[in-house]
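S.K.: Okay, structure incoming, though there's no sequence with it:
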């Protein structure tokens, strides 16, 4: 079990990041991922800021960005990330039919990815 | 190198699938993935039909579906699939800024996925 | 590119292993995997002997063992291993229909593996 | 936790697949994998039918097919799939000595796969 | 759940390895990894001896070797190995600041690894 | 093939990062990784700065940090990263014997990681 830093015991650098997370999300606590990262206040701040940059409003819709994050987390097999980003995607508007389509794509991609590698298929010139 | 089945040498079952692929995509040839799968006509047909079901019009936009397929392929490290689905996503309207945002999400997810697993973070009750 | 140790330049410990490999396989050269490992003669010997133990005649048929090695290599996405163990499996009797069935299983397993993880399915009591 | 669809609450399309699974396996219930997939009746049916095609009697023995599925599941690190396919393999005749040999191959393949990639070994011409 | 072989029920070959593990580590019991491997006494012995060779005193400091083992285990996403090698690294002198730096490297490597693959970056000539 | 941004065509934000990279490394060009990332100047800057923070002097020796980065890259199977970080590690003092020990650890970890997962070994209480 990782050590989880609670707000009450956190130093000012950690509290600053926790405050920013809670403000951004409208919550009164942060989830375990941030509490665990807080053992390294510098890493905590860097990760939160990088995530903010990556997920900032852009050309892709915020829900689409969250779905992409979730698809990537599912594909890499991270249970924590799959759980937390499924919740985040639902909070941003992922409906059950969207979730079903996402799951189906992640499963199908896994199959064709593996087939392409098992058969060692050469990349077509038009894709280079 | 896998054996690649060309249309000219293909039997009727394979040609039927190749015809369907070319019709769906408006192309005059199929890419190597399908030529390699064609050594197994039954598997070729099943894979094409499954892919058709998964990528059929639904609640998610076709471009979003393709971006999800691409994010999943990048995450699983399949070079062929990354190349072919990057091309497919561009054909469906992925702009350079979209591509950049996608790449950034896939990279960031890889980092936080790994951190969550390296720290063995327990899943918060609200995510269960 | 890794440094590849050729027989002519190899020391006696490496030659001993190379001789054993060539004798076991009835070949007059060893493949690049062993030439690359030979930069570490102790590791070369350990790997060859471990492999010999693992692939020794047992309750599973030698071809089945080779198919399992190949399925595992395909699943882990190692191109070199997929290429070399596909050749090895063919040498031990893998027919084209067997190869097709193997590929289909590896692809299908990838899909259901990913679905099980994406959905975070709890293990049924009867499987514990 | 994923939502698990029980037979009692399932619609006719889901029940049809559940009936087919129970008939094929001679059981009075389906395992959680299918209950979780059942949130998407179309995906459930496609996955069950694809699995049926892939695992249908062929040139490889049914036990060998199951062992390959298990080796692939172990290699991809899917705990659910490893648990369920270990049970399935035992039901099809996997003895303890077979299981030990399988485990040893999966472990050894992991090591040589990683060595081949860490050393970036070029594929020998005879394997192309 | 795997079957775990306890010392009391173990045969002489297994006890010999268990004795060696406990002597090397100054403990009065072995951890579950070895108890599970013990279902295959030959594999148990091979794994213990291979591990001994790999982790034997060499040019790299024993703590550095353990940190490398841990980084590799974290990267491959093995929860058991991450837990056991975190403990082993602490026992060999890994301080909290070292642990934080290790975690940060593993996370950062995951991100740049994924970016390099997602972008399919060609290897620079000077790295070949 | 990704688009690679050369210095001559780069805008001021990209040049600033390229200058920083060349200064830090004492080189007159940057490697392809940075040229490819430069299509996204914001991401380029974030990645370079994050990497700088992670690899900054700390309690772990710079060579040890580089070895950890390399072990992680090898384990995740990134060919580009393995090539570039092998070169970086050599530049920081990795000798051939160190490289051999590193490779052996990465290979052995792969095997025991896989065995631990294939056997679904429960984590010992003392590791929690």
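M.R.: It's in. The structure displayed is predicted, hence computed values, not measured ones.

S.K.: so residue A:100 touches residue D:46, yeah?
M.R.: No - with contact defined as Cβ atoms under 8 Å, residue A:100 does not reach residue D:46; the gap is 11.9 Å. Using the backbone N, CA and C atoms, a C-beta is placed for each residue, glycine as well.

S.K.: Okay, domains of chain A per the record?
M.R.: Following automatic domain parsing, chain A resolves into domains at A:1-56, A:58-128.

S.K.: Is the shortest one in proximity to chain F?
M.R.: Yes - Domain A:1-56 comes into contact with chain F (Cβ under 8 Å from any Cβ of the partner chain), by way of A:1, A:42, A:46, A:50, A:53.

S.K.: quick one: what helix or strand has the third one in it?
M.R.: Under the assignment given by DSSP states H and E, the secondary-structure element containing residue A:46 is helix A:41-55.

S.K.: Report the inter-axis angle for that helix versus helix F:41-55.
M.R.: 160 degrees (axes from the mean of the first three to the mean of the last three Cα atoms, to 10 degrees).

S.K.: next one: the following helix or strand past helix A:41-55 to chain centre, how far?
M.R.: Note on helix A:41-55: by DSSP H and E, the next helix or strand toward the C-terminus is helix A:62-75. Computed by Cα atoms, centre = their mean, to the nearest Å, the chain-centroid distance of helix A:62-75 equals 7 Å.

S.K.: Next: stretch A:14-30.
M.R.: The chain centre lies 17 Å from the centre of stretch A:14-30; the measure is Cα atoms, centre = their mean.

S.K.: Check which residues of it are buried.
M.R.: By neighbour count on 16 or more other Cβ atoms under 10 Å in any protein chain shown, the buried set for stretch A:14-30 is A:14, A:17-18, A:21, A:30.

S.K.: Quick check: residue A:71 vs chain B, distance?
M.R.: Distance check for residue A:71 against chain B: by Cβ to the nearest Cβ, to the nearest Å, it reads 5 Å.

S.K.: how about the residue of chain A found nearest chain D, what does it touch?
M.R.: Residue nearest to chain D within chain A: residue A:100 (4.1 Å; Cβ to the nearest Cβ). By Cβ atoms under 8 Å, 6 or more residues apart in numbering or on different chains, the contact list for residue A:100 reads D:39-40, D:43.

S.K.: one more time with 10 Å
M.R.: Shown in contact with residue A:100 (Cβ atoms under 10 Å, 6 or more residues apart in numbering or on different chains): B:58-60, D:37, D:39-43.

S.K.: quick one: which of those residues is most hemmed in?
M.R.: residue D:37 (30 neighbours; other Cβ atoms under 10 Å in any protein chain shown).

S.K.: Pull the number of nearby residues for the spatially closest residue to that one that is not a sequence neighbour.
M.R.: Excluding the flanking residues, the one nearest residue D:37 by Cβ to Cβ, 6 or more residues apart in numbering or on different chains is residue D:44, at 4.5 Å. Using other Cβ under 10 Å, residue D:44 has 25 neighbouring residues.

S.K.: what's the answer for the one 4 residues further on, then?
M.R.: Residue D:48 has 19 neighbouring residues, counting by other Cβ under 10 Å.

S.K.: Residue A:122 against residue B:80, yeah?
M.R.: Yes - under the criterion of Cβ atoms under 10 Å, residue A:122 makes contact with residue B:80 at 7.9 Å.

S.K.: More neighbours: which of the two?
M.R.: Shown here are residue A:122 and residue B:80; by other Cβ under 10 Å, residue B:80 has more neighbours (24 against 13).

S.K.: ok, back up a step: pull up the overlap in contacts between residue A:122 and residue B:80.
M.R.: Common contacts of residue A:122 and residue B:80 (Cβ under 10 Å, 6+ apart): B:32, B:36.

S.K.: Do you have the helices of chain A handy? List them.
M.R.: Here chain A has its helices, by DSSP state H, at A:12-25, A:32-37, A:41-55, A:62-75, A:79-91, A:96-118.

S.K.: Mind pulling up the pLDDT for the residue nearest the centre of chain A?
M.R.: The centroid of chain A falls nearest to residue A:69 when counting by Cα atoms, centre = their mean (4.7 Å). Listed pLDDT for residue A:69 reads 98.

S.K.: Who are the contact partners of it?
M.R.: Taking Cβ under 10 Å, 6+ apart, we find residue A:69 in contact with A:51, A:54-55, A:81, A:84-85, A:88-89, B:71, B:105-106, B:108-109, B:112-113.

S.K.: Can you work out which residues contact both of residue A:100 and residue D:46?
M.R.: D:37, D:40.

S.K.: Close to chain C: what parts of chain A are there?
M.R.: With Cβ under 10 Å from any Cβ of the partner chain as the criterion, chain A meets chain C at residues A:70-71, A:73-79, A:82-83, A:86, A:99, A:102-120.

S.K.: which ones among the contacts of residue A:69 come in contact with chain D?
M.R.: Here nothing survives when the contacts of residue A:69 are matched to chain D using Cβ under 10 Å from any Cβ.

S.K.: separation between residue A:43 and residue D:77?
M.R.: Counting by Cβ to Cβ, to the nearest Å, the gap from residue A:43 to residue D:77 is 26 Å.

S.K.: Let me fix that, I meant to ask about residue A:7.
M.R.: Going from residue A:7 to residue D:77 by Cβ to Cβ gives 34 Å.

S.K.: Can you give me the pLDDT of residue A:110?
M.R.: As predicted, residue A:110 sits at a pLDDT of 98.

S.K.: Repeat that for residue A:128.
M.R.: Looking at residue A:128, its pLDDT reads 86.
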